[in-house]
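Visitor: sequence first, then the predicted structure, then my questions.
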Amino acid sequence: MTDAASPPRYEPIALSGESTVVAEFLPDPQDAAATGWQSEAELERALIRQLQAQAYEYLPITSEADLIANLRRQLERLNKVTLSDAEWGRFFATSIAGANDGILEKTARIQEDHVQVLKRDDGTAKNIALIDKANIHNNTLQVVNQYEVPGGEGGGARANRYDVTILVNGLPMVHVELKRRGVDIREAFNQINRYSRDSFWAGSGLFDYVQLFVISNGTLTKYYSNTVRDGHLAESRGKRSRQKTSNSFAFTSWWADAANRPITDLAGFARTFLAKHSILNILTRYCVFDVDRKLLVMRPYQIVAAERILQRIGTATNHRQLGTIAAGGYIWHTTGSGKTLTSFKAAQLARGLPTIDKVLFVVDRKDLDYQTMREYERFEKGAANSNTSTAVLQRQLEDPNARIIITTIQKLARFVVKNRKHPVYDQHVVVIFDECHRSQFGDMHSEITRVFRRYHLFGFTGTPIFAENSASGGNPLRRTTEQAFGDKLHTYTIVDAINDRNVLPFRIDYINTIKAGTAIRDKQVSAIDTERALLAPERIAQIVGYIREHFDQKTRRANTYRHDGKRLAGFNSLFATASIEAAKRYYLEFAAQQAALPAAQRLKVGLIYSFAANEDDEGGILGEEEFETEGLDQSSRDFLDAAIKDYNAHFGTSFDTSAEKFQNYYKDLSQRLKKRELDLVIVVNMFLTGFDATTLNTLWADKNLKAHGLIQAYSRTNRILNSVKTYGNIVSFRNLEQETNDALALFGNKDAKGIVLLKPYGEYYQEYQKRVDELLAGFPLGSAIIGETAQKAFIKLFGSILRLKNILVAFDDFAGNEILSERDFQDYQSLYLNLHAEFRAASGSDKEAINDDVVFEIELIKQVEINVDYILLLVERYLKKKGTGEDKEIRATIDRAVNSSPSLRNKKDLIEQFVDTVSTKARVDAQWQAFVAAKRAEELERIITEENLNAEATRAFIDSAFRDGSVPAAGTAITRILPPVSRFSKHNGHAAKKRTVLDRLAAFFERYFGLA
């Protein structure tokens, strides 16, 4: 019996002191009460007042000298040191403002090497921290506004005045660009792009330390990292990073509360995102500077998930719940939302907790093991100790220095079977499952949780198993995700992701009737419900015929874009089949229908499958295909070997179905899919989960899909790449409409269909028709567009037509209903490009730029490129008709084609000179090659002479650029071609010369790339 007088017993619990993301955001009523018109200056003053109320110090400085003096004071305060002038001069020149340091070097310093070594006057060394990451509130936050960069310094900086900048220990680390309410937020984005190009690097380049940018018009506010342009977009562009592209805005992010409600108003954003503990946590804990030198700043839902895992570790440890389901939980973040980054950061932070001995990152298939390994290596070199055998796994589990280990659940289960007793079972372990669907609910899961005694179990999934989509078999106590892993710690659904523009919506065609080509009979296919009829040769032939007929349309092969340093035409696709037998028949049918075609006209078709215990799962889970091909019947294995021989012949490889070579085949195939070197890969279940390729936009489906499996398969197509790719394309040869609606209701909500799926064709076409009518009425061809207001209206209207046409071209119904003739469209496109050139020229002049509020959809124009082959064809026709009168019309067609092509406009003078000098006595293409080679050599020699460059090194530099597809702005290659200039001359003449030479060589490269 308890003594009534004894005090109650309280169990301690652990909570993070300050959550980075607010649990629920409630707007301040005073913000809603403000109704008067607000100027940009008033918006700026209100932000500064708010930051001062949040304990920021306002610093009234406008010059670099003041900025540097303040930086010295703040670093001395942070490090409790007083520096002599000589010490400060050395430290500033070597550890803060090195002559050759740019954005990437300075970002690396903040993210990876924030403690620098100072050599003192007495010869001793002292560590100087630029930022305190262990105790974030030791850092000082200050705010400056209207900081001014004078023009003409640093080798060509343009005068600029920045809105609001947040200093951390005196270094500019967050920059806020404002526009007044009612103005497009993209104006602020474009202005930051201009600052990056014109002046952030000027003087000592301290503004290159900015890690995060915030853009706002008061009503809408977004944030993004400093390498949105310099990293992520350089990859898709293949050009120098300072140049803009129309898709860059897509990589900006909304801030939100923990329930995924966006906080868009500037006042609310400042109260949450710019709260001192939040912004310092984001800068010190929730950015990842990966091995590709991209700064990845986490989104709010990712931060919430990581922090809730850490909170659960703390509370479960203090409540003595280790080794129970209460010690863990699961994260429901939709496919494509960046689960690998979230789980990595959670693992990295958990590894840093003093009580944690090991973090195990567990995947359930070797293909995911390979992909996840690569992803982990992106984030932290050496963090992922992948293993190939249980012996290696055992060594790692016994190595105290191996803190994060990636393994598969199968290897971990084998280790447990072989080691009934092991010291690791008593260690404090965090186990994170990458995709926690049902493969972990079986005996292996049970065995692992039985032997480990002090564990936390966390699972990440985009498609949880609920009671509604669970199967009837197996352990009744472990059928759902919650039963297996514990509480749901955070949710971010496909509806949230599409609303935030983090993934693309889907467009679905249900092909009930195969539309007849010349060799295809019209035949209904979707109502046939027996497997025998589904495998009928006639039906297989019709579906392959449909895919071939519509392939270019669905995968946008008429559209070109830059990706990974190359110019690619369109996207690629997966073909999901119901069985190995179906996959084999489709592969043979593609080969038969393409046999008579020249190699260049054939689709490059791959095939992969292996043994799966359950090809169709009652709960909608896709069967797990392992790499053990021994489970295949002999005829299926022989067939796969033959298909791999075809692959070897095409790519010069040497794979087969033996264990190791088949794994390497999988890896090679996945990489070629990602690089868009394959057009279509036929699969059964492989690649339908856990595989990401941004170039993949279409899924052809002749397979019954539902629930988890349907969303997983569809989601292979909806990764964001550029403005050309606006949705994931699903072409289903079975009627999956009800299954699709049910899956969206299960994993989104009952209204998800209206958000996740594109609208019907008729709605887009009606809008397109309306816009074209406005164009024809307001801007008839032949009439000049006079005045800036009219020009901006035309740019906006034609841009909306380009965006609508970009969606409509994938609909079968659009062919023949384009309204504008091809010639009229070219003429309008020429007008649009002329205005683009004029606005760019205006923004390049000394006067204030006038194009911050104009968004040119140049990437959407580039997708339907006029190429040199087409021009040479016209030149041949021109020569044949010379002197007949028709030659003038052909010459006009050449001019029209060149004027409407973004890539050929800067080559117009070359093309005109060639047309004037071309002869009928030799082949046109041979004359063109000789002409281009001579002009290229002549122009390069002029640059070498005028810039006093090393001739041999410059020619080698340019040859490498043409081979690699871009001019490298970083590295030692550019330094070798420059004339001798002191790095320490006034205004840094070396940097100015390097910039000038790079600009000239980049312009030369753009002029001649793709011509030969």
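Guide: Thanks, I have it.
Visitor: contacts for the helix or strand where Asp916 lies?
Guide: Asp916 belongs to helix 908-917 when assigned by DSSP states H and E. Outside helix 908-917, the residues within contact range by CB atoms under 8 Å, 6 or more residues apart in numbering are 871, 875, 878, 891, 894, 898-899, 904, 927-928, 931-932, 935, 1007, 1011. (Glycine included, C-beta is placed from N, CA and C.)
Visitor: mind running it again at 7 Å?
Guide: Where contact means CB atoms under 7 Å, 6 or more residues apart in numbering, the residues beyond helix 908-917 that reach it are Ile871, Val875, Tyr878, Ile894, Val898, Leu904, Trp928, Phe931, Lys935.
Visitor: how far does it sit from the chain's center?
Guide: Its chain's C-alpha centre lies 40 Å from the corresponding centre of helix 908-917 when counted by CA atoms, centre = their mean, to the nearest Å.
Visitor: output the helix or strand just after it as PDB - backbone C-alpha positions only.
Guide: Stepping forward along the backbone from helix 908-917, the first helix or strand reached (DSSP H and E) is helix 924-947. Provided in PDB are the C-alpha atoms of helix 924-947 (Å, rounded to 0.1, in the frame of the first residue of the first chain):
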ATOM      1  CA  VAL A 924      27.300  21.600 -98.800                       C
ATOM      2  CA  ASP A 925      28.100  19.800 -95.600                       C
ATOM      3  CA  ALA A 926      31.800  19.500 -96.400                       C
ATOM      4  CA  GLN A 927      32.000  23.200 -97.300                       C
ATOM      5  CA  TRP A 928      30.200  24.100 -94.000                       C
ATOM      6  CA  GLN A 929      32.700  22.000 -91.900                       C
ATOM      7  CA  ALA A 930      35.700  23.800 -93.600                       C
ATOM      8  CA  PHE A 931      34.000  27.200 -93.300                       C
ATOM      9  CA  VAL A 932      33.300  26.800 -89.500                       C
ATOM     10  CA  ALA A 933      36.800  25.400 -88.800                       C
ATOM     11  CA  ALA A 934      38.400  28.400 -90.500                       C
ATOM     12  CA  LYS A 935      36.200  30.900 -88.800                       C
ATOM     13  CA  ARG A 936      36.600  29.300 -85.400                       C
ATOM     14  CA  ALA A 937      40.400  29.300 -85.700                       C
ATOM     15  CA  GLU A 938      40.400  32.900 -86.900                       C
ATOM     16  CA  GLU A 939      38.300  34.100 -84.000                       C
ATOM     17  CA  LEU A 940      40.200  32.100 -81.400                       C
ATOM     18  CA  GLU A 941      43.500  33.600 -82.600                       C
ATOM     19  CA  ARG A 942      42.000  37.100 -82.300                       C
ATOM     20  CA  ILE A 943      41.100  36.400 -78.600                       C
ATOM     21  CA  ILE A 944      44.500  35.000 -77.900                       C
ATOM     22  CA  THR A 945      46.200  38.000 -79.400                       C
ATOM     23  CA  GLU A 946      44.000  40.700 -77.800                       C
ATOM     24  CA  GLU A 947      44.000  39.100 -74.300                       C
END
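Visitor: helices and strands around helix 924-947, which ones?
Guide: Secondary structure elements in contact with helix 924-947, counted by 3 or more CB pairs under 7 Å, 6 or more residues apart in numbering; DSSP states H and E, are helix 868-880, helix 908-917, helix 951-964, helix 989-1008.
Visitor: give the residue spans of the stretch 701-850 of the chain that score low on pLDDT.
Guide: Low-confidence regions of the stretch 701-850 of the chain, defined by pLDDT under 70, span residues 749-755, 840-850.
Visitor: for burial, what's the neighbour tally of the nearest residue to Thr82 once chain neighbours are set aside?
Guide: Leaving out its chain neighbours, the residue that sits closest to Thr82 by CB to CB, 6 or more residues apart in numbering is Glu76, at 5.9 Å. Glu76 is flanked by 15 other residues according to other CB atoms under 10 Å.
Visitor: A strand includes Gln321, no?
Guide: No. Inclusion of Gln321 in a strand is not indicated when DSSP: H, G, I helix; E, B strand; the rest coil is applied; the result is coil.
Visitor: what sits against it?
Guide: Each residue near Gln321 by CB under 7 Å, 6+ apart is listed here: Ala327.
Visitor: let me see the mean pLDDT of the helix holding Asp916.
Guide: Average pLDDT, helix 908-917: 79.
Visitor: Val117 - that's part of a helix, no?
Guide: No. Secondary structure of Val117 (three-state DSSP): strand, not part of a helix.
Visitor: count the neighbours of the residue nearest to it when sequence neighbours are not counted for me.
Guide: Nearest residue to Val117, sequence neighbours excluded (CB to CB, 6+ apart): Ala125, at 5.3 Å. The number of residues packed near Ala125 is 9, by other CB under 10 Å.
Visitor: contact partners for Ala125?
Guide: With contact set as CB under 7 Å, 6+ apart, Ala125 has these partners: Val117, Leu118, Lys119.
Visitor: for these, which one is nearest Ile406?
Guide: Each of these was checked against Ile406 using CB to CB; the closest is Val117, at 33.9 Å.
Visitor: what pLDDT is listed against that closest one?
Guide: In the prediction, the pLDDT value recorded for Val117 is 92.
Visitor: isn't it right next to Leu130, touching?
Guide: No. Applying CB atoms under 7 Å as the test, Val117 and Leu130 come out as separate, 11.9 Å apart.
Visitor: ok, the two, which is more surrounded?
Guide: Counting neighbours by other CB under 10 Å for Val117 and for Leu130 shows that Leu130 has the greater number, 26 against 11.
Visitor: just checking, the more buried one touches His114?
Guide: Yes. In this structure, Leu130 is within contact of His114 by CB under 7 Å, at 4.9 Å.
Visitor: distance check, Leu835 against Lys993.
Guide: Counting by CB to CB, to the nearest Å, the gap between Leu835 and Lys993 amounts to 34 Å.
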